[in-house]
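Q: Task: produce atomic coordinates for the following.
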Amino acid sequence: MPWFKRTEKNIITKTEDKKDVPKGLWHQTPTGKLLDYQELVSNNYVSQEDNYHVKIGSKEYFEILFDDNNFKEIDKDVAPKDPLKFIDKKKYADRLKATQKKTKLKDALRTAVGRSKGKEIVISCMDFAFIGGSMGSVVGEKICRAIDHAIKKKLPFLLISKSGGARMMESAISLMQMAKTSAKLTLLAREKLPYISLCTDPTTGGVTASFAMLGDINISEPGALIGFAGPRIIKDTTGKDLPKDFQTAEFVKEHGFLDFIVHRNELKDRINLYIDLVLNRAVRK
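A: Next up, the predicted model:
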């Protein structure tokens with residue numbers, strides 16, 4: 001009987017193309033928990049099963065932090081170039097175009113201005129989807145412009161870091177952003193305007209070695225990876241076993257590099273509380 005034989009004509013859908021669950025409806029955490037995607041979204045992308053904070057980008061953070069997701073993006077047309085004509089496996093310029101098309105982002109950071117709990121704030125947020133959230137000339141420039149805007153309008157500044165570090169395709173130009181952004185933050189401090197640094201998973205490399213650790217208040221989400229070099233490199237360099245939970249937010253806080261660890265559902269309230277305290281203004285409920 002031909003219907004008992006697996007011939008090419010019998011197979012309508014190839015085995016490798018079959019999916020038991022439509023893509024996007026479920027999410028699996030690193031601990032193996034399978035989550036309903038809509039429930040995950042309604043809980044700010046945090047698993048109620050194991051408290052795992054799913055990696056999200058600027059779109060989601062803006063939705064969480066700005067009142068009614070109402071904000072104005074500034075400097076959104078600033079885009080990277082390829083001054084070094086860098087070529088690895090492919091041209092950097094071609095990779096930029098492909099990444100911009102895929103992510104609908106100009107680069108690895110967006111800046112927006114809007115109200116959070118009724119008060120205006122400037123928020124810059126990194127996007128890991130854009131070449132690992134790597135810090136290039138555009139990231140540094142947009143951070144500096146965001147600080148200039150905060151100074152001009154006398155507004156607090158929040159920077160959300162999520163990065164693998166400096167962008168190697170821009171070489172020394174990328175590394176220069178560490179000094180550039182750090183110097184600009186000094187001007188913000190002179191104006192006595194609060195800067196809150198939020199470290200998310202992961203915050204590593206030159207980002208950690210510059211603006212991510214320079215906040216008036218440094219905070220993080222639970223379980224975030226925070227460090228300079230990766231654990232494997234450190235272990236190979238030192239030749240020693242690393243402590244348990246090394247480079248997690250909890251480990252970093254215990255050793256004095258963070259002020260607080262904040263659950264994503266409490267981010268908006270806690271950030272505004274810190275700003276109110278720094279500016280000595282009435283706390284908003």
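Q: Okay, helices next: where are they in the protein?
A: Assigned helices in the chain, in chain order: 37-42, 58-65, 92-103, 137-153, 171-190, 205-208, 231-238, 249-254, 267-279 (criterion: DSSP state H).
Q: a markdown table for these, including distance to Cys199, mean neighbour count and mean pLDDT?
A: C-beta: built from backbone N, CA, C; applies to glycine. Output for the helices of the chain, formatted as a markdown table (distance: least, Cβ to Cβ, whole Å; neighbours: other Cβ atoms under 10 Å; pLDDT from 0 to 100):
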| stretch | distance to Cys199 | mean neighbour count | mean pLDDT |
| --- | --- | --- | --- |
| helix 37-42 | 22 | 14 | 88 |
| helix 58-65 | 13 | 19 | 98 |
| helix 92-103 | 22 | 14 | 96 |
| helix 137-153 | 15 | 20 | 98 |
| helix 171-190 | 15 | 16 | 97 |
| helix 205-208 | 8 | 24 | 96 |
| helix 231-238 | 16 | 11 | 87 |
| helix 249-254 | 7 | 19 | 96 |
| helix 267-279 | 12 | 18 | 94 |
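Q: is it possible to export the ones you listed to CSV including distance to Lys162?
A: Output for the helices of the chain, formatted as CSV (distance: least, Cβ to Cβ, whole Å):
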stretch, distance to Lys162
helix 37-42, 18
helix 58-65, 9
helix 92-103, 13
helix 137-153, 11
helix 171-190, 15
helix 205-208, 9
helix 231-238, 18
helix 249-254, 13
helix 267-279, 14
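Q: Compare those helices and report which one is nearest to Ile74.
A: Checking those against Ile74 by Cβ to Cβ gives helix 137-153 as the closest, at 6.3 Å.
Q: helices or strands next to the closest one in the packing?
A: The elements that helix 137-153 packs onto, with contact taken as 3 or more Cβ pairs under 8 Å, 6 or more residues apart in numbering; DSSP states H and E, are strand 71-74, strand 109-116, strand 119-126, strand 157-163, helix 171-190.
Q: For Pro30, grab phi and psi.
A: phi -60, psi -20 (degrees, to the nearest 10).
Q: if I pick the spatially most central residue of the chain, what's in contact with it?
A: Nearest to the geometric centre of the chain sits Lys162, at 2.9 Å (Cα atoms, centre = their mean). Going by Cβ atoms under 8 Å, 6 or more residues apart in numbering, Lys162 touches 55, 57, 125-128, 133, 200-203.
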